[in-house]
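> Just to be clear, the model below is a prediction. Sequence and coordinates:
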Amino acid sequence: MGLLDGKVAVITGAGGGLGRTHALLFASEGARIVVNDLGGARDGTGGGSAMADQVVKEIKAAGGEAVSNYDSVATPEGGAGILKTALDAFGRVDILVNNAGILRDKTLIKTEEPDWDAVISVHLKGTYCVTRPIFTHMKERGGGGVIVNTSSTSGLIGNFGQCNYGAAKAGIAGFTRCLAQEGSKYGIRVWGLAPVAFTRLTEDLMGGAAAEQSKQALDPAKVSQAVLYMVSDLSGSRTGQFLFVSGARVAELKIVGPEGMKKEGFTARDIADNEAAVFLPKESGFNMYG
Ligand SMILES: NC(=O)c1ccc[n+]([C@@H]2O[C@H](COP(=O)([O-])OP(=O)(O)OC[C@H]3O[C@@H](n4cnc5c(N)ncnc54)[C@H](O)[C@@H]3O)[C@@H](O)[C@H]2O)c1
């Protein structure tokens, strides 16, 4: 008995990195998989069928069922094409993992419009373009579903040199919280994921002498176990929540606030005088390296 027996899962950007390990794990748990990947470079340029086809080959070699799709997530036509591939091959979609992504890291001053547009298109617009048709299909089919949107600590906390990427990932977080509310009446659960893994996206950031160590400690397959928890019945009715997953660590990430200061007609000076009530204590901040 697999945790995903009888389910159909669409995973975007599944030709490498985290998407690939999600796809292999889900298939080993009985799901039939649509392996979507544009097959381009890390910065989103180029394309090809080899990456998606290779993962489909691996799944089939292990006795699973999978089909390739090479559409870009960044257009409505791509999103519709991904759903069509799933319906043609398997007749339904139960699970969607929005995972496709690119990087064009630069400080804001060096970020030209094409670097802004490309990153926002693939991550934020891509999440919209793929989710809309699949969410609609899930609603119309009436059997519920689970959607996992890949955010990042860059969007939820911030990271130097990633204003474009952080903005897209924070946008995905807002999208997730809103869609979780819309999905609840149809039994469609919506999760957010903030992963840390050694992939082609991060290898130069985690490189140097510690590269081999990071590669093992931050194996993307570890993150996939948490995503399997999210999309399977193991997570029950949970929705609208975010998991940070890094190596051996899994922790919820959530926006929290204190009770705050309440004073009719408060002034700027009152805020300064009541900082202990207005702000959270510093030590309550999340430490991603903890
Ligand atoms: N690796 C990390 O530590 C980390 C941290 C935070 C968030 N993430 C996010 O996790 C996701 C997976 O990243 P990864 O680290 O596995 O990187 P990756 O580069 O290995 O995987 C991303 C995949 O998306 C595909 N892709 C890019 N543009 C596409 C498009 N328009 N349409 C379809 N596919 C497209 C790429 O070809 C690639 O295979 C991304 O959304 C990334 O932002 C990763």
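Yep, it's here. The structure presented is a predicted model; accordingly, all values stated were derived computationally and were not measured.
> Which helix or strand contains residue 256?
Secondary structure from DSSP states H and E places residue 256 outside every helix and strand.
> And for it, the neighbour number?
Other residues near residue 256 come to 8 when the count uses other Cβ atoms under 10 Å. Any C-beta I mention is one placed from the backbone N, CA and C, and that applies to glycine too.
> Could you tell me how far it is located from the ligand?
Relative to the ligand, residue 256 is positioned 21 Å away (Cβ to the nearest ligand atom, to the nearest Å).
> Look up how far residue 50 lies from that residue.
From residue 256 across to residue 50, the span is 44 Å (Cβ to Cβ, to the nearest Å).
> go on, residue 265?
For residue 265, the distance to residue 50 equals 65 Å [Cβ to Cβ].
> who has more neighbours, those two?
Ranked by neighbour count (other Cβ under 10 Å), residue 265 and residue 50 place residue 50 first, with 12 against 5.
> For the residue most central in space within the chain, give me phi and psi.
Closest to where the C-alpha atoms of the chain average out (Cα atoms, centre = their mean) is residue 150, at 1.1 Å. Comment: the main-chain dihedrals of residue 150 come out as phi -90, psi 110, following degrees, to the nearest 10.
> show me what contacts it?
For residue 150, the set of contacting residues under the criterion of Cβ atoms under 8 Å, 6 or more residues apart in numbering consists of 18, 97, 98, 99, 101, 172, 193, 195.
> What is the nearest of the residues you listed to the ligand?
residue 101 (2.7 Å; Cβ to the nearest ligand atom).
> Would you check that my belief about that closest one contacting residue 122 is correct?
Yes. Between residue 101 and residue 122 there is a contact under Cβ atoms under 8 Å: 6.2 Å.
> In three-state terms, how would the residue nearest to residue 277 when sequence neighbours are not counted be classified?
Sequence neighbours aside, residue 261 is the residue nearest to residue 277 in space, at 4.5 Å (criterion: Cβ to Cβ, 6 or more residues apart in numbering). When states are read from DSSP: H, G, I helix; E, B strand; the rest coil, the local structure at residue 261 comes out as coil.
> can you list the domains in this structure?
Domains of the chain are assigned by automatic domain parsing as 8-255, 257-290.
> tell me the mean pLDDT over the shortest one?
Spelled out, that is domain 257-290. Mean pLDDT, domain 257-290: 92.
> In it, which residues are buried?
Going by neighbour count (16 or more other Cβ atoms under 10 Å), the buried part of domain 257-290 is residue 278.
> gap between the two ends of it?
Separation of the first and last residues of domain 257-290 by Cα to Cα, to the nearest Å is 21 Å.
> cool, the longest one as well?
For domain 8-255, the first-to-last residue distance is 32 Å (Cα to Cα).
> Write out the residues of the chain neighbouring the ligand.
12-13, 15-19, 36-40, 42, 44, 51, 72-74, 99-102, 122, 126, 150, 152, 195-197, 199-202 (Cβ under 6 Å from any ligand atom).
> List the strands paired with the top strand by length along the chain, with their directions.
Counting by DSSP state E, the longest strand found in the chain is strand 188-196. Paired strands of strand 188-196, with direction, are strand 145-150 (parallel), strand 242-246 (parallel) (DSSP bridges).
> Alright, I will stop here.
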